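A.B. asks: coords please:
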Amino acid sequence: MSDAAEGPDRAEHEVPGRHDDMVQLLDQHGVRRDHPEHEVDLEPEELLGLLRDMVVLRRLDTEGEALQRQGQLGLWVGTRGQEGAQVGSAQATRRQDHVFPTYRDHGAALARGIDPVHVLSLFRGVDHGGWDPVEHGVHPYTLVIAAQLLPAVGYGMGVQRDGAVGTGDPARDTAVVAYLGDGATSQGEASEALNWAAVFQAPVVFFCQNNQWAISEPVARQSTVPLHRRAEGAGMPGVLVDGNDVLAVLAVTRAALERARSGGGPTFIEAYTYRMGAHTTADDPTRYRLSAETEAWREKDPIDRFRTYLRSEGILDDDYEAALNAEADEFAARLRAGVIALVDPEPVSMFDHAYAEPHPQVLAERDEFLAAWEQHDREAHGELVGGAS
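C.D. replies: Below you'll find the model as predicted:
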């Protein structure tokens with residue numbers, strides 16, 4: 001399907017007038033901007049760390065797509081173009097905070113110390129992403145759109161009632177980050193979650209990555225107003241931030257999380273960004289969006305923008321770039337080896353973690369499954385023996 005055939009119907013899909021109040025600290029050319037309300041003051045090592053995290057996240061995306069094309073993964077959900085939004089927001093969290101991700105938030109998983117091979121094991125289909133949410137503060141990926149939002153609010157209400165909000169102790173006060181995409185705002189669970197969070201002043205930051213497309217549906221067909229304006233109806237602040245500006249995202253998310261931890265209630269952040277690749281490896285974005293649109297957003301690339309800024313400040317040099325590229329290569333090699341080494345789980349293991357403690361019904365179902373499995377093995381063995389005789 002050519003651009004010429006589809007251009008007149010698809011050329012304009014953005015919600016009008018949406019950039020007036022957008023928080024930005026780096027413009028698309030990497031030039032530093034001042035903002036009256038939001039600022040960050042980072043050491044050079046911290047700035048380089050943000051670059052490193054974005055570069056490694058992009059390498060994860062590149063390897064995940066390649067592994068899927070090679071048949072090593074059943075599916076891959078890419079993050080290309082959204083590195084600034086994911087790294088900036090995740091690095092704003094504290095150890096005690098909890099994150100409820102979507103299926104695309106690999107940057108949050110990496111920032112919270114989850115082994116990336118464990119992330120890829122979910123897309124290989126050998127487990128359900130079974131990392132420990134208590135250890136990492138990251139709850140399992142949610143594949144059902146917006147299904148993570150109400151549990152995130154519930155968790156926030158829980159820490160609130162446990163006395164872990166508004167104490168003034170920075171090591172105790174806790175906030176929750178609920179990630180969502182623009183498509184999730186069209187789901188009923190999103191409206192319910194916003195309402196519950198506002199009514200109970202839950203310490204939740206809703207971090208919406210508006211990457212412009214809910215698969216093939218542009219955001220203008222989902223909402224007649226900018227998405228962060230939805231917060232007004234629920235009764236909480238809504239902030240629009242340049243999602244391709246990692247510094248602005250970090251500053252805005254830090255402020256929202258601090259507000260939540262101190263007892264100020266929830267905030268809705270719309271990170272205005274773009275999905276450079278396909279929705280998943282099962283998708284062909286050339287069927288519904290213009291190549292000119294993608295190229296225009298490529299010039300706003302969050303990694304290139306930040307790299308330009310660091311170079312202009314004399315923080316980034318060729319030696320660090322070379323070391324970072326070598327680290328990314330080593331990271332990729334470990335990913336490939338780790339994924340290929342993954343083995344299929346024993347079928348009976350599906351019953352092991354249904355409940356924290358043994359449950360009579362689960363045990364009975366496990367025994368029934370084992371009996372059926374053994375019967376299947378006997379019949380298959382009999383067929384093989386019979387065929388050979």
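
A.B. asks: wait, a helix at F268?
C.D. replies: No - read with DSSP: H, G, I helix; E, B strand; the rest coil, F268 is strand and lies in no helix.

A.B. asks: tell me which element the closest residue to it other than its chain neighbours is part of?
C.D. replies: Distances taken as Cβ to Cβ, 6 or more residues apart in numbering put A231 closest to F268, at 3.7 Å, once the chain neighbours are dropped. (Each C-beta comes from the backbone N, C-alpha and C, glycine too.) A231 is part of helix 230-234, with elements assigned from DSSP states H and E.

A.B. asks: so, low pLDDT: which residues of the stretch 1-150 of the chain?
C.D. replies: For the stretch 1-150 of the chain, the stretches with pLDDT under 70 are 1-19.

A.B. asks: that one: helices as residue ranges?
C.D. replies: 3-10, 44-69, 83-90, 106-111, 116-124, 133-136, 149-161 (DSSP state H, counting those that start in this stretch).

A.B. asks: related to what we said a few turns ago, just checking, the residue nearest to F268 touches G238?
C.D. replies: Yes - under the criterion of Cβ atoms under 8 Å, A231 makes contact with G238 at 3.1 Å.

A.B. asks: next, count neighbours for the nearest residue to A332 once chain neighbours are set aside.
C.D. replies: Among residues not flanking A332 along the chain, E63 sits closest, at 4.9 Å (Cβ to Cβ, 6+ apart). Here the count is done by other Cβ atoms under 10 Å, and E63 has 23 residues near it.

A.B. asks: mind listing what E63 touches?
C.D. replies: If you count contacts by Cβ atoms under 8 Å, 6 or more residues apart in numbering, E63 has them with A332, L335, R336.

A.B. asks: for P151, same thing?
C.D. replies: By Cβ under 8 Å, 6+ apart, the contact set of P151 is F100, H139.

A.B. asks: how near is it to A178?
C.D. replies: 9 Å (Cβ to Cβ, to the nearest Å).

A.B. asks: P203 now?
C.D. replies: Counting by Cβ to Cβ - P203 and A178 are separated by 11 Å.

A.B. asks: tell me the spacing between W213 and I269.
C.D. replies: The gap separating W213 from I269 is 19 Å, by Cβ to Cβ.

A.B. asks: higher neighbour count, those two?
C.D. replies: It is I269, of W213 and I269, that has more neighbours when counted by other Cβ under 10 Å, with 27 against 23.

A.B. asks: run through the bridge partners of the more buried one.
C.D. replies: Note on I269: beta-bridge partners F207, V239, judged by DSSP bridges.

A.B. asks: about what we covered before: common neighbours of A231 and G238, please.
C.D. replies: By Cβ under 8 Å, 6+ apart, A231 and G238 have these common neighbours: T267, F268.

A.B. asks: H128: what's it in contact with?
C.D. replies: H128 touches L122, P140, counting by Cβ under 8 Å, 6+ apart.

A.B. asks: longest helix of this structure, counting residues only.
C.D. replies: Ranked by residue count, the top helix of the chain under DSSP state H comes out as helix 360-388.
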